[in-house]
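J.: Give the three-dimensional model of this entry:
(one chain, ligands or ions: 3)
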Amino acid sequence: MALNTFFDRVRDFADELYGSLKGSHVRVISHIDADGLSSAGIFISILKRFRVPFHLSSVKYVSDTLISELKKEPYDLYIFLDLGSGEVELLKSMEKRVFVVDHHRPSSEDIPMLNPFTQGIDGDRDVSSSGLCFLLYREFFEDYSMVPVALTGALGDLQENGGFSGLNEAILNWGVERGIIEVRKEIRLFGGPDYPLVSSLERTVDPFIRGVSDDSAGALSLIESLGIPIKIGEKWVTLSDLSDEQKRDLMNELVKRVESLDKAKSLLGNTYVNLMEPKGSPLRDLSSFSTLLNACGRMGRGYLGALLASGMRGEILSSALSVLQDYKKHLSSLLRDLKPRVIGKVAFIDEGVAEDTIISTLTSIMSKSIKNVDLVIGYAETEGDMLKVSARLTNRVSGFDLNEILRKASTTVGGRGGGHRHAAGAQIPRKMKGDFEESLLSYFE
Ligand code: C5P
Ligand code: C5P
Ligand code: C5P
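T.: Ligands and ions are numbered 1, 2, ... in the order given. Below is the predicted model of the structure:
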């Protein structure tokens, strides 16, 4: 579909929204992931520019409990960002004025909603919620300064695969044309090409680089062993300072220290540089920006991420960086003490080990390192009498569709679930854990 038709839809939605904003006290609810927090950052910037008072919360998902709490609140207008499309009936039951800006597949269109799927655009790949919020921002202010935040959300949702497509590509091009963004083919490390190299190496954990990730002495000695100076004059050396030959030597060394060919490949590719951000700032590299937002969300500090995405720096940035440190420490201590329960070809991490915001990361990491297992399942206690389930296939298997398996195994026990082929999740009633496991294990005999 032609993008211009979608921009017409953005204009209509913006008009409708503007009509409702005037004189309102607004409640904003965003998802806690990097896309949700990028969306929140852009949206609260719109509200600030219009001088509309608001209250923001970042949540894991839309639940009955959330809706019944929101319903009791005295706000005039409720805006859902990066969630809500799948729960239209629940949102309608609030009997409030509600708007949804979201790129997930909608369960119905019976609510004011800006959603790519209703206009024939692929929301899985071609635009994220932060991209949609950016289009509203552009519509209101003819301002492109939020392009980096729009792309940060898209990166967080894995919409970049060797490049952006569709609306994401259009947004990127606007940024490049205006000198806001630069795309560089580079070794992909935390902080990007203009960040001090020792810190870049130490802070890169995905992929995990043996003897370098989380190891400042190791990172330092790797650079020294390649004959690369740590400083040039008073300035820390960065990737941008290296010659092609030095980069090649470094890359050769890194490739040897990651766990798989796929991981090695992921070390090289596009980096997206925000030219508006000073050199040496971790936010200059959009993937690192997304990592930082993800950590804020998962550590229950979503508001920090949203404020960062709205453009605040100084103490907000220092706090977010220390949250990232805490997040990494927390993950390593969980990993160190982890003893999964293994039944046949399936490993289980029981509830009580990790919070419901952390369990999926833990399950992901475990699925990449554990041996002799096809599937890793993580449980975490969550609202009410429910368990959150996170599921990841290991890379020794193929031919399973976790989306289908989790959907079936959870619905037969009165829960709900789904996701992708290799990564899926569910919520199930706690007392049905045994039956759920039995159903799941029947696929992996
Ligand atoms: O994207 P998926 O849930 O598989 O990724 C899990 C998360 O774990 C990612 O956000 C990734 O950045 C993070 N991770 C990490 N430390 C690792 C490996 C992955 O923080 N060692
Ligand atoms: O997409 P959901 O939050 O929406 O899933 C995130 C997890 O799904 C991440 O661990 C990501 O790596 C994984 N994923 C995947 N295959 C896809 C898309 C996402 O394994 N096609
Ligand atoms: O929470 P986690 O990262 O493990 O979820 C993996 C994938 O499963 C995500 O894409 C998430 O959106 C999806 N999921 C789902 N339905 C659920 C729970 C998770 O589609 N009830």
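J.: Would you mind giving both backbone torsions of the residue lying closest to residue 375 once chain neighbours are set aside?
T.: For residue 375, ignoring the flanking residues on the chain, the nearest one in space by CB to CB, 6 or more residues apart in numbering is residue 346 at 4.7 Å. C-betas here are computed from N, CA, C, even on glycine. Backbone torsions of residue 346, given as degrees, to the nearest 10, read phi -120, psi 130.
J.: How confident is the prediction for residue 346, by pLDDT?
T.: Note on residue 346: pLDDT of 97.
J.: Tell me how many other residues crowd it.
T.: 19 (other CB atoms under 10 Å).
J.: who does it bridge with?
T.: Residue 346 has these beta-bridge partners by DSSP bridges: residue 343, residue 375.
J.: Spit out the contact partners of it.
T.: By CB atoms under 8 Å, 6 or more residues apart in numbering, residue 346 lies in contact with 373-377, 440-441, 444.
J.: before we move on, what SS does the closest residue to residue 310 other than its chain neighbours have?
T.: Nearest residue to residue 310, sequence neighbours excluded (CB to CB, 6+ apart): residue 41, at 4.1 Å. Secondary structure, DSSP: H, G, I helix; E, B strand; the rest coil: residue 41 is helix.
J.: right, and residue 41 touches residue 149 too?
T.: Yes. With contacts counted by CB atoms under 8 Å, residue 41 reaches residue 149, the gap being 5.6 Å.
J.: can you list the residues of the chain near ligand 2?
T.: Listed as neighbours of ligand 2 in the chain under the rule CB under 6 Å from any ligand atom: 158, 364, 420, 422-423.
J.: Report the closest residue of the stretch 101-250 of the chain relative to ligand 3.
T.: Closest approach between the stretch 101-250 of the chain and ligand 3, counting by CB to the nearest ligand atom: residue 104, at 8.2 Å.
J.: Tally up the residues packed near the closest residue to that residue other than its chain neighbours, please.
T.: Nearest-residue entry for residue 104: residue 85, 4.5 Å, with adjacent residues in sequence omitted and distances by CB to CB, 6+ apart. By the criterion of other CB under 10 Å, residue 85 has 26 neighbours.
J.: One more: residue 97?
T.: The number of residues packed near residue 97 is 14, by other CB under 10 Å.
J.: Likewise for the one 4 residues further on?
T.: Applying the criterion other CB under 10 Å, we find 27 residues in the vicinity of residue 101.
J.: confidence score at it?
T.: On pLDDT, residue 101 comes in at 98.
J.: List the residues that contact it.
T.: Contact analysis of residue 101 by CB under 8 Å, 6+ apart lists 39, 43, 79-82, 113-115, 129, 132-133, 136.
J.: out of these, which are inside helices?
T.: Among the contacts of residue 101, the residues falling in helices (DSSP state H) are 39, 43, 129, 132-133, 136.
J.: so who does the residue nearest to residue 106 when sequence neighbours are not counted touch?
T.: Excluding the flanking residues, the one nearest residue 106 by CB to CB, 6+ apart is residue 85, at 4.1 Å. Residue 85 makes contact with 100, 102-107, 113, 115, 117, according to CB under 8 Å, 6+ apart.
J.: Secondary structure class of residue 151, three-state.
T.: Residue 151 ends up helix, using three-state DSSP.
J.: which residues touch it?
T.: So residue 151 contacts 130-131, 164, 168, 171-172, 175, 181, 272, 286 (CB under 8 Å, 6+ apart).
J.: same thing with residue 305?
T.: The contact partners of residue 305, by CB under 8 Å, 6+ apart, come to 34, 37, 40-41, 58, 292-293, 296-297, 320.
J.: Now do the same for the residue in the stretch 151-300 of the chain that ligand 2 sits nearest to: its pLDDT.
T.: The minimum distance from the stretch 151-300 of the chain to ligand 2, using CB to the nearest ligand atom, falls at residue 158 (5.7 Å). You'll see residue 158 listed with a pLDDT of 90.
J.: distance of the residue nearest to residue 310 from ligand 3?
T.: Using CB to the nearest ligand atom, to the nearest Å, residue 41 is found at 21 Å from ligand 3.
J.: can you check residue 388 too?
T.: Distance of residue 388 to ligand 3, given as CB to the nearest ligand atom: 7 Å.
J.: residues near that residue, how many?
T.: Close neighbours of residue 388, defined as other CB under 10 Å, add up to 25.
J.: next one: residue 92
T.: Neighbour count of residue 92, defined by other CB under 10 Å: 14.
J.: Tell me who's in contact with it.
T.: Applying CB under 8 Å, 6+ apart to residue 92 gives the contacts 98, 110-111.
J.: If we use 7 Å, what do you get?
T.: Residues in contact with residue 92 (CB atoms under 7 Å, 6 or more residues apart in numbering) are 110-111.
J.: same thing with residue 358?
T.: Counting by CB under 7 Å, 6+ apart, residue 358 makes contact with residue 298.
J.: per-domain residue ranges of this protein.
T.: Using the TED database, the domains assigned to the chain come out as 1-176+280-336, 192-269, 339-440.
J.: now, of those, which is deepest in the fold?
T.: Across the domains of the chain, the average number of neighbours (mean count of other CB atoms under 10 Å) peaks for domain 1-176+280-336, which reaches a mean of 20.
J.: What separation is there between the residue in the chain that ligand 2 sits nearest to and ligand 3?
T.: Proximity of the chain to ligand 2 (CB to the nearest ligand atom) peaks at residue 423, 3.3 Å away. Distance, residue 423 to ligand 3, by CB to the nearest ligand atom: 5 Å.
J.: quick one: pLDDT of that residue?
T.: Residue 423 is assigned 90 on the pLDDT scale.
J.: How are the strands of the stretch 51-200 of the chain distributed by residue range?
T.: Taking DSSP state E, counting those that start in this stretch as the criterion, the stretch 51-200 of the chain carries its strands at 54-59, 77-81, 97-101, 113-114, 181-187.
J.: Mind giving me the packing neighbours of the lengthiest helix in the chain?
T.: Secondary structure of the chain per DSSP H: the longest helix is helix 315-336. Using 3 or more CB pairs under 7 Å, 6 or more residues apart in numbering; DSSP states H and E, the elements in contact with helix 315-336 are helix 286-298, helix 302-309, helix 359-369.
J.: average pLDDT for it?
T.: Across helix 315-336, pLDDT averages out at 94.
J.: rewinding a little: what about the residue nearest to residue 375, distance to residue 109?
T.: Distance of residue 346 to residue 109, computed by CB to CB, to the nearest Å: 39 Å.
J.: ditto for residue 310
T.: Applying CB to CB, the value for residue 310 to residue 109 is 29 Å.
J.: same deal with residue 329?
T.: Per CB to CB, residue 329 is found 44 Å from residue 109.
J.: and if you look at residue 27?
T.: Relative to residue 109, residue 27 is positioned 22 Å away (CB to CB).
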